[in-house]
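Q: I'd like to go over a predicted model; first the sequence, then the structure.
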Amino acid sequence: MNCVLIIVDSWRQDHCGCYGNEWIRTPNLDALAAESVLFTRAYPESLPTLPVRRALHTGKRVYPFHGHQYQKGDFRGAPGWGPIEEDLDTVAELLHAQGYRTGFVTDTYHQFKPSKNFHRGFDEWRWIRGQEHDFHRSGPLVDDAAISKHMPVDRRHTPRWEDHRCYLTNVAHRHSEEDYFPAQVFRTAADWLDRNQDADNFFLVLDSFDPHEPWDPPLNYRRMYDPDDDVADVIWSTYGPADQFSPRELQRMRANYAGECTLVDRWLGHFMDSLRFSGRLDDTVVAVISDHGHNLGDANLTGKQGYPLTRAVGDLIMLIRHPDGQAAGTSCDALCYNFDLTTTLMNMMGREIPGQMEGIDLWPVVRGESAGRDRVTVAWGPEITYIDDKWWCNDVFWGGAPLLHDLQGDPELKRNLAPDHPEVVARAVAAFEEDAGGDFPEWLRDWPRSPGCTPILSQED
């Protein structure tokens, strides 16, 4: 059996029709979900971008971040943000050694920064350049007028100003929808399928950085959700309190994000058509997973962070389409991790599971033969979230900053019940230690209490 793994960055679960959203347009993902099993409670083991991908490519936990080292000139907001360890085998390496032809197409540029090695084991890998802060084009730089269109007046010439200049310079050459990143990624993957029809077995990874910001879909996609042009065309978060924006500016931000989701969906459909027309859909398992979501005013935040982890960030898209149609059109409500998907796909392909992999096979859970996990923990540095059938608890690994929510009575996580249920908080902290193997790096205690991309807010903010 062949395998196609599709990773999408920052796509919120609640921004998909197949997960119950009634206003956003995602017809291609919805059609794929109708042929798949849809997982409703999948979570990342570690956040954000690179820790997630390390777990997906190896099937092994990244938390509790032993041996973390900063790489020169790279993002410093997340322990575990680094290369795949040399002593671990990637799925691509394992399958390549067993005769699979392997391909990797992505615009998630962090994987190709100096010292990274996420393309290990792939016979062919294609990096689509220019996303976000990728230093792709040195000039000519766009002028201030081009940036001003996307910046509210009171935030012009802030540090985000030059971020816009870098990105807008990278994409200044675009002339049609085919020049946008989702089109490039999914069309390049479709081309790989066409050129590799002679492969007996293949493993193809598509990794789309969109709908990660900047959110600048073609105009017609944004106008699906906001037809007016009476406000700054906000395409980037400030990674802080949402009330820095006016309600109208937030509306535009959300419309641009929604348009970006629909753009990704359109080109996902192009790839799925290519896979179907190639004849390989009948012997290929297809999986789609997001790495995390993004706050668009949730909990008065724009951005993503580990504390308080919101459902907008933590709830993942995850589905598996079996080529024989097994479990098509069903949903699985069992708790699971992203790296469980890695183990499941290896089992579905009939491959031996190496000892390094720590995930469980989800297919017996789908068939009702196993109950699956009774809880999960999600880490961003020392900030960890415990989730079970009833509770959602944000805290630090040693305890002392609990936010506890009843998922049944308070699914939007608005009421902190930690003072009323210290026994649940204690259970969560014990789970943090157990999932760390009982061994936390002591330097995590000194990690600044503003992890990730969004500074921590007090409970009163």
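A: That came in fine, so what should we check first?
Q: which residues of the stretch 251-400 of the chain fall in helices?
A: Residue ranges of the helices in the stretch 251-400 of the chain, as given by DSSP state H, counting those that start in this stretch, are 311-314, 338-348, 363-366.
Q: where's the first one relative to the chain centroid, distance-wise?
A: The reference is to helix 311-314. In terms of C-alpha atoms, centre = their mean, to the nearest Å, the centre of helix 311-314 is set 10 Å apart from its chain centre.
Q: same question for stretch 279-291.
A: Worked out by C-alpha atoms, centre = their mean, stretch 279-291 lies 17 Å from the chain centre.
Q: equivalent analysis for stretch 316-324, please.
A: Centroid displacement of stretch 316-324 relative to its chain, using C-alpha atoms, centre = their mean, is 16 Å.
Q: what's the span of it, first residue to last?
A: Between the opening and closing residues of stretch 316-324 there is a gap of 25 Å (C-alpha to C-alpha, to the nearest Å).
Q: kindly report the same for stretch 392-403.
A: For stretch 392-403, the first and last residues are 8 Å from each other (C-alpha to C-alpha).
Q: give the buried residues for that stretch.
A: Of all the residues in stretch 392-403, those buried under the rule 16 or more other C-beta atoms under 10 Å are Trp392, Cys393, Asn394, Asp395, Val396, Phe397, Ala401, Pro402, Leu403. The C-beta positions use only the backbone N, C-alpha and C, and glycine is treated the same way.
Q: surely the second one meets Tyr386?
A: Yes - the pair formed by Cys393 and Tyr386 meets the contact definition of C-beta atoms under 8 Å, at 4.3 Å.
Q: find residues that contact each of the two.
A: Shared contacts of Cys393 and Tyr386, defined by C-beta atoms under 8 Å, 6 or more residues apart in numbering, comprise Ala428.
Q: distance to Asp216 and mean pLDDT added to the helices of the stretch 251-400 of the chain, as CSV?
A: As requested, the helices of the stretch 251-400 of the chain are arranged in CSV below (distance: least, C-beta to C-beta, whole Å; pLDDT from 0 to 100):
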stretch, distance to Asp216, mean pLDDT
helix 311-314, 21, 98
helix 338-348, 28, 98
helix 363-366, 38, 98
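Q: pretty sure Tyr43 sits against Ala334.
A: No - under the criterion of C-beta under 8 Å, Tyr43 is not in contact with Ala334, lying 11.4 Å apart.
Q: looking at these two, which is more packed in?
A: The residue with the greater number of neighbours, taking Tyr43 and Ala334 and applying other C-beta atoms under 10 Å, is Tyr43; the counts read 23 against 20.
Q: now the helix or strand bottoming out on mean pLDDT in the chain: how far from the chain's centre is it?
A: Counting by mean pLDDT, DSSP states H and E, the weakest-scoring helix or strand in the chain turns out to be strand 240-241, with a mean of 90. Distance of strand 240-241 from the chain centroid (C-alpha atoms, centre = their mean) equals 21 Å.
Q: and it, which strands flank it?
A: Using DSSP bridges, the strands paired with strand 240-241 are strand 301-303 (antiparallel).
Q: neighbours around the residue lying closest to Val286 once chain neighbours are set aside, how many?
A: Of all residues beyond its chain neighbours, the one nearest Val286 is Arg321 (4.3 Å), with distances taken as C-beta to C-beta, 6 or more residues apart in numbering. Neighbouring residues of Arg321 were enumerated by other C-beta under 10 Å; the total is 22.
Q: now the helices for the stretch 51-200 of the chain?
A: Remark: helices of the stretch 51-200 of the chain, listed N- to C-terminal, are 91-97, 144-148, 159-170, 181-195; assignment by DSSP H, counting those that start in this stretch.
Q: export those to TSV and tack on mean neighbour count?
A: Compiled in TSV, those are given as follows (neighbours: other C-beta atoms under 10 Å):
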stretch	mean neighbour count
helix 91-97	20
helix 144-148	14
helix 159-170	17
helix 181-195	20
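Q: for these, which one sits closest to Gly259?
A: Nearest to Gly259 among those is helix 181-195 (11.3 Å), distances taken as C-beta to C-beta.
Q: packing partners for that closest one?
A: strand 101-106, strand 124-127, strand 202-208, helix 247-277 (3 or more C-beta pairs under 8 Å, 6 or more residues apart in numbering; DSSP states H and E).
Q: let's go with 6 Å and repeat that
A: Counting contacts by 3 or more C-beta pairs under 6 Å, 6 or more residues apart in numbering; DSSP states H and E, helix 181-195 is packed against strand 101-106, strand 202-208, helix 247-277.
Q: so can I have TSV of the helices of the stretch 251-400 of the chain showing distance to Gln326 and mean neighbour count?
A: Supplementary listing: the helices of the stretch 251-400 of the chain in TSV, determined by distance: least, C-beta to C-beta, whole Å; neighbours: other C-beta atoms under 10 Å:
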stretch	distance to Gln326	mean neighbour count
helix 311-314	28	24
helix 338-348	10	24
helix 363-366	8	19
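Q: export the ones you listed to TSV and tack on distance to Met357?
A: Shown next, in TSV, are the helices of the stretch 251-400 of the chain (distance: least, C-beta to C-beta, whole Å):
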stretch	distance to Met357
helix 311-314	23
helix 338-348	5
helix 363-366	15
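Q: so which of these is nearest Ser148?
A: Comparing the helices of the stretch 251-400 of the chain by C-beta to C-beta, helix 311-314 comes nearest, at 28.9 Å.
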